[in-house]
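**Student:** quick one, fold the following:
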Amino acid sequence: MNRKLALTLGALIAFAGPAAMAQTTTPQTTTNAKPAPIQDRKTDQQDRIANGVQSGQLTPGESKNLETKEAGINHEESNMRSEDNGHLTAADRAKINNQQNRVSNQIYTDKHNAAATHYGPGEVGQRQRLQQDRIANGMKSGQLTAGESTRLEHQQQSINREKNGMRAANDGKLTAGDKAALNRRENRASKNVYAKKHNGRRS
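**Tutor:** Residues are numbered from 1 along each chain as shown. Prediction:
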């Protein structure tokens, strides 16, 4: 009796073993990798721009240009969704990804060219660095949309142009009056950064 039972069990194990092994070792079929979701691409681009702003690799003019392009893509995506009950077609996704690829190449080019932001010493330089850090952090957190970042960077670009003009008129130096005027402009810019980061809009 015990011998028959042992033989029966042995046969069952011998029969089931290969099937069980086949189940555990059969490779899973894989599908072709899909492009990253649209929102992930937007987040990645914003992070790359923000990091460039924070490091000084992107000037306010460069980041303004990049953010203008991002805002344009976002606007086009919104229009696409409105035409299809909030959805994106495969063609829509392909078009947006192609546009994001072009912006991605532009980010790389702008971050690796000779242009860089040099804040300089002193209170004015420190204020500029602080503003750029606040803008960059708002971009990373999503508190600033691409359109809002564009306007804030435009304001910083304008302040930089005025500062450069002041220096050119005074042998590369800023007078006490120049510094006071620039600080007043940075105060207004600072209020704009705060207002746009706390208006409830998200990227």
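
**Student:** which SS state does the spatially most central residue of the chain fall under?
**Tutor:** Central residue of the chain (Cα atoms, centre = their mean): residue 46, 1.3 Å from the mean position. Secondary structure assignment for residue 46 (DSSP: H, G, I helix; E, B strand; the rest coil): helix.

**Student:** just give the nearest non-adjacent residue to it, would you?
**Tutor:** residue 139 (5.1 Å; Cβ to Cβ, 6 or more residues apart in numbering). To be clear about C-beta, it is placed using only N, CA and C from the backbone, and glycine gets the same treatment.

**Student:** burial check on that neighbour, number of neighbours?
**Tutor:** By the measure other Cβ atoms under 10 Å, the count of residues near residue 139 is 30.

**Student:** you'd agree it is up against residue 54?
**Tutor:** No: look at residue 139 against residue 54 with Cβ atoms under 8 Å: they stay out of range, at 9.3 Å.

**Student:** so the residue nearest to the centre of the chain touches residue 145, yeah?
**Tutor:** No: at 9.4 Å, residue 46 does not count as touching residue 145 under the criterion of Cβ under 8 Å.

**Student:** pull up the overlap in contacts between these two.
**Tutor:** Residues touching both residue 46 and residue 145 (Cβ atoms under 8 Å, 6 or more residues apart in numbering): residue 203.

**Student:** quick one: least confident helix or strand in the protein?
**Tutor:** helix 2-25 (a mean of 47; mean pLDDT, DSSP states H and E).

**Student:** surely residue 107 and residue 51 touch.
**Tutor:** No: with contacts counted by Cβ under 8 Å, residue 107 stays clear of residue 51, the gap being 9.7 Å.

**Student:** these two: which is more packed in?
**Tutor:** Per other Cβ under 10 Å, whichever of residue 107 and residue 51 has more neighbours is residue 107, with 23 against 16.

**Student:** excluding covalently adjacent residues, which one is nearest to that one?
**Tutor:** Nearest to residue 107 is residue 48, by Cβ to Cβ, 6+ apart, at 5.2 Å.

**Student:** how about the contacts made by that neighbour?
**Tutor:** 104, 107, 111 are the contacts of residue 48 under Cβ under 8 Å, 6+ apart.
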